[in-house]
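Trainee: Please work out how this folds:
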Amino acid sequence: MIEGALSGRVLALYPLALLVGVAYAWVIHRIESTGRAEGYAWLMVVVGVVLTLALCAPVIGLEATVAVGAMFVATGVPMIAVTIYRYEKARGEARRALYDDAEETLATPGRRSSRGSGASAPGRDEDADAAAR
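Mentor: Now for the predicted structure:
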């Protein structure tokens, strides 16, 4: 197997693999710089693994590539599930904290809680609210 991995035809794949790796790193950098990658690190890893497996197929053969890919799926799916669960849990907690802060702000003296009727808008005083009615 080592001899096959070092043959001239296969050696030509290694610079291609480097080029694909650099291009993918650039794509990931661009996505992360926009802030759109939050919560999706697992997906970036999956795409990287698929790219690597695709580049390995000519070296190790299709059957071995499928077997290794299946092993990545078996070991990766539980980690993906836990990552998604933790991310969604953290987002829910952040949403609740934001909601609680807003409720507390609106319930300060001189303001009515938004749970009650006729909550005043933030930034408006009581006289402006009365004049609007």
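
Trainee: where does the chain dip in pLDDT?
Mentor: Along the chain, segments meeting pLDDT under 70 span 1-6, 110-133.

Trainee: Without its sequence neighbours, what residue ends up closest to V49?
Mentor: Excluding the flanking residues, the one nearest V49 by Cβ to Cβ, 6 or more residues apart in numbering is F72, at 5.5 Å. For every residue, glycine as well, the C-beta is placed using N, CA and C.

Trainee: Please tell me how far that neighbour sits from L53.
Mentor: Plainly put, F72 is 7 Å away from L53 if you go by Cβ to Cβ, to the nearest Å.

Trainee: related to what we said a few turns ago, quick check: which element contains the residue nearest to V49?
Mentor: Applying DSSP states H and E as the criterion places F72 in helix 62-106.

Trainee: Go ahead and confirm A57 touches E63.
Mentor: No - contact criterion Cβ atoms under 8 Å: A57 and E63 do not qualify, at 9.7 Å.

Trainee: between these two, which one's more packed in?
Mentor: A57 (16 against 9; other Cβ atoms under 10 Å).

Trainee: mind checking which helix or strand that one is in?
Mentor: Secondary structure (DSSP H and E) places A57 in helix 41-60.

Trainee: I'm done for today, thanks for sticking with me.
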